[in-house]
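Q: predicted structure and sequence below. I'll ask about it afterward.
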Amino acid sequence: MNLVLSKIFETSVLVSPKKAIQLCTMIAKKVKNGDEVVIDFHGIKATTLAFLYVLFSNVVKECGKDVKKVISVINASNELKEEFKYFKQNYKDLCDKFSGLDAVLA
């Protein structure tokens with residue numbers, strides 16, 4: 001299943017942790033049904049680290065660490081690729097920084 005984020009959320013900017021939770025729910029449902037998921041960032045011009053943290057940390061919690069086998073990302077801008085790179089390199093620090101979000105979003 002191809003999830004085109006700009007169409008789903010009708011925006012070119014993804015900053016809301018609430019939207020990240022909504023997307024996580026969509027992804028988890030598909031993965032648990034055995035579907036492969038393509039997260040399509042076509043038309044997305046900006047995201048925040050908070051959005052990425054909430055999305056991917058919750059996807060891993062919901063679907064397990066082997067999630068990379070069934071989820072892929074396409075059409076990410078160079079800036080977004082840099083955010084992904086930063087996110088991967090600094091995950092533990094971001095986890096500490098954003099850990100309060102789990103309590104706020106629960």
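A: Looks like it arrived, so ask away. Quantities reported herein were computed from a predicted structural model and do not represent experimental measurements.

Q: helix or strand for Leu3, which one?
A: Using DSSP states H and E, the element containing Leu3 is strand 2-4.

Q: state the mean pLDDT of that strand.
A: The pLDDT scores in strand 2-4 average 94.

Q: got the contact list for that strand?
A: Leu23, Met26, Ile27, Val37, Val38, Ile39, Asp40, His42, Gly43 (C-beta atoms under 8 Å, 6 or more residues apart in numbering). C-beta here means a position set from N, CA and C on the backbone, and glycine is covered the same way.

Q: ranges for the strands of the chain?
A: Ranges of strands in the chain, per DSSP state E, are 2-4, 13-14, 37-40, 46-47, 71-74.

Q: Lys30 and Cys24, how far apart?
A: 11 Å (C-beta to C-beta, to the nearest Å).

Q: who's more crowded, the two?
A: More neighbours surround Cys24 than the other of Lys30 and Cys24, with 20 against 17 (other C-beta atoms under 10 Å).

Q: how about the nearest residue to the more buried one, chain neighbours excluded?
A: Asn58 (4.2 Å; C-beta to C-beta, 6 or more residues apart in numbering).

Q: also Glu62?
A: Going by C-beta to C-beta, 6+ apart, Glu62 has Ala28 as its nearest residue, at 3.9 Å.

Q: burial measure for the one you found, as a count.
A: Neighbours of Ala28 under the rule other C-beta under 10 Å: 17.

Q: and if you look at Lys81?
A: 12.

Q: quick one: it from Ile74, how far?
A: Lys81 is 11 Å from Ile74, by C-beta to C-beta.

Q: show me what contacts the spatially most central residue of the chain?
A: Closest residue to the average C-alpha location of the chain: Leu55 at 3.5 Å, with C-alpha atoms, centre = their mean. By C-beta under 8 Å, 6+ apart, the contact set of Leu55 is Ala20, Leu23, Cys24.

Q: my guess is the first one contacts Leu5, does it?
A: This points to Ala20. No: assessed by C-beta atoms under 8 Å, Ala20 is found out of contact with Leu5, at 10.5 Å.
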